[in-house]
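S.K.: A predicted structure for the sequence below; I have some questions about it.
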Amino acid sequence: MKDNSIIGREYEQKLLHEYFDSAKSELVAVYGRRRVGKTYLIKKYFGEKFDFWFTGIYDSKKSDLLKQFKMELEKYSGKKIKALKDWFEAFNALTEYLSSLKKEKIIVFLDELPWMDTPKSNFLQAFSYFWNMWQENNGQLKLFVCGSATTWMLDKFVGDKGGLYGRVSRAIYLPAFTLGETEQFLKEIKGIVLNRHQILELYMILGGVPYYLDMLKKDIPLASNIDHLFFKSGAPLKAEYDFLFRSLFKESKSYKKIIEILSGKLVGMTRNDIMTAAKIEKGGNLTEILENLCACDFVRKYTAIGKTERDAIYQLTDLFSLFHLRFVENDSSQDENFWSNLSSSGVKNAWTGYAFEQVCLHHINQIKSKLSILGVLSSIYSWQCKSFTDKDGNEWKGAQIDMLIDRKDQVINVCEMKYSIDEYVITEEYEKKLRERASLFQHVTKTRKALQHTFITTYGVKQNLYSGIVQSEVTMDDLFKS
């Protein structure tokens, strides 16, 4: 039942077919960040052949949602339905309609489920009762639900400790497109032809989010497209950042504050550092905010080699947020051609360097594939060390490694991620820095594993007197592979 017109999503389509084809009722939850294509996947896969489909409405009252639910139910059933006072009545009316259908399989799609769960609405209790009663007495209901509020989907729905406990057949996470899928989408869906360096720059701005990619205009330069999306008067993505957080989190200001703090220290910060910068007292809800931001793919949490969980580092990884905060949030130039006119600058160069590192971290499987270690058990770490003097009086300079692949075959890939418009040139000074940093890492961590310098670059490393330190390479083209 795979739809070849859907870009990527092969694993997710396989799961949808598996649960649709089963002999019992199934409750499948699809979640992921807003604009990533959850609704599109369900609609396209099933060809919109639903026996009932209802979409929650952002920031609406229970009474308005129930009125809309009633209207949709009347449309599908062809019958007049009395006014619905609460969600129990709504799901009871839905049960009566679905029970009247003489079908082997009944498909129901409830989209933006978190927006239906308004305060004191008892939505989840009514939904739980509906599903449990139907599941016990019938075997043909295939109920698919979607939600962009990832924390609500995981905590309140999939992780419910009440009537829905253990009832969700499968939770399917839908990620953003990879570079390869982005290239395919632009070519096959939009008819836009860009070279891979341009697609990489576009990915560093939009983060592989299908909804944003679909806004691109054909036959105009990439820079003009970015101006159209972010900097022109009435640009469609100028206010997207604020709406994104409002639609995902109830206390959106607190979440945005943490993101903005992290954007100012790209190497990442510990929980205590964030608490100090945000002026949050102990006992606040910082832990919950950080966990939710990680669950929604805005932030990554990592523990460096040799460090404990309390020393975990939180780092901003959402490319769209990073671009917005760097260039859109504080743009006072009123230049509607800002991106077209922006030449190389310190700010832009710093952004491209960091954004490329994040692109690499979003393509770990492609990197492992090029290194032929997909089948080797490994962990991804970062590492940093401040300057210190050892017990023998030797002074060691501080250092940082943005990505380590710690492998079970007694090898650690020390990864350098370098964005460049040409082959990357290793100088004598930089080669010396790499050797000193490797010595520091071995001294501090006491590792006995072999260290291999791996360079991940756009166009490869230029061969010269100092490039011999590189033992393996991954290029931009490798990141585009499936």
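M.R.: Thanks, I have it. Numbers count the residues shown, from 1 in each chain.

S.K.: Leu113: neighbour count?
M.R.: Neighbourhood size, Leu113 [other Cβ atoms under 10 Å]: 25. C-beta here means a position set from N, CA and C on the backbone, and glycine is covered the same way.

S.K.: equivalent analysis for Ala149, please.
M.R.: Counted with other Cβ under 10 Å, Ala149 comes out at 24.

S.K.: same check on the one 3 residues further on?
M.R.: For Trp152, the tally of surrounding residues (other Cβ under 10 Å) stands at 21.

S.K.: assign it to helix, strand or coil.
M.R.: Here Trp152 is recorded as helix under DSSP: H, G, I helix; E, B strand; the rest coil.

S.K.: against Ser121, how distant is it?
M.R.: Distance, Trp152 to Ser121, using Cβ to Cβ, to the nearest Å: 13 Å.

S.K.: likewise for Thr458?
M.R.: Between Thr458 and Ser121 the distance, using Cβ to Cβ, works out to 51 Å.

S.K.: quick one: which of the two has more around it?
M.R.: Neighbours of Thr458 and Ser121, each counted by other Cβ under 10 Å, are more numerous for Thr458; the result is 20 against 17.

S.K.: how about the contacts made by the closest residue to that one other than its chain neighbours?
M.R.: Beyond its immediate neighbours in the sequence, the residue positioned closest to Thr458 (Cβ to Cβ, 6 or more residues apart in numbering) is Met476, lying 4.5 Å away. Neighbour list for Met476: Arg196, His197, Leu200, Thr457, Thr458, Tyr459 [criterion: Cβ atoms under 8 Å, 6 or more residues apart in numbering].

S.K.: mean confidence for stretch 385-402?
M.R.: Here stretch 385-402 scores 87 as its mean pLDDT.

S.K.: go ahead and build a PyMOL selection from the buried members of the contacts of Met476.
M.R.: Of the contacts of Met476, the buried ones can be selected in PyMOL as follows, counting by 16 or more other Cβ atoms under 10 Å:
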select buried, resi 196+200+457+458
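
S.K.: Trp134: which of the contacts of Met476 is nearest?
M.R.: Nearest to Trp134 among those is Leu200, at 47.7 Å by Cβ to Cβ.

S.K.: and that closest one, how close does it get to Leu143?
M.R.: Leu200 is 40 Å from Leu143, where distance means Cβ to Cβ.

S.K.: for Asn330, same thing?
M.R.: Distance from Asn330 to Leu143, by Cβ to Cβ: 45 Å.

S.K.: which one's more surrounded, these two?
M.R.: Neighbour count, other Cβ under 10 Å: between Asn330 and Leu143, Leu143 has more, with 24 against 9.

S.K.: in the host helix or strand of that one, what counts as buried?
M.R.: Assigned by DSSP states H and E, Leu143 belongs to strand 141-147. Using 16+ other Cβ under 10 Å as the test for burial, strand 141-147 gives Leu141, Lys142, Leu143, Phe144, Val145, Cys146, Gly147.

S.K.: same question, stretch 222-237
M.R.: Leu222, Ala223, Asn225, Ile226, Asp227, His228, Leu229, Phe230, Phe231, Ala235, Leu237.

S.K.: look up phi and psi at the first one.
M.R.: Comment: the main-chain dihedrals of Leu222 come out as phi -60, psi -50, following degrees, to the nearest 10.

S.K.: do Leu479 as well
M.R.: Main-chain torsions, Leu479, degrees, to the nearest 10: phi -70, psi -20.

S.K.: now it: how far from Leu164?
M.R.: When Leu479 is compared with Leu164 (using Cβ to Cβ), they lie 39 Å apart.

S.K.: over to Phe320?
M.R.: As judged by Cβ to Cβ, Phe320 and Leu164 stand 32 Å apart.

S.K.: so these two - more neighbours on which side?
M.R.: A count of neighbours by other Cβ under 10 Å puts Phe320 above the other of Phe320 and Leu164, at 23 against 20.

S.K.: grab the nearest non-local neighbour of that one.
M.R.: Of all residues not flanking Phe320 in the chain, Gly207 sits nearest, at 4.6 Å (Cβ to Cβ, 6+ apart).

S.K.: verify the stated contact: the one you found with His324.
M.R.: No - applying Cβ atoms under 8 Å as the test, Gly207 and His324 come out as separate, 10.6 Å apart.

S.K.: any idea how far the nearest residue to Leu124 once chain neighbours are set aside is from Leu110?
M.R.: Using Cβ to Cβ, 6+ apart and skipping the chain neighbours, the partner closest in space to Leu124 is Asp117 (6.0 Å). Asp117 sits 11 Å away from Leu110, going by Cβ to Cβ.
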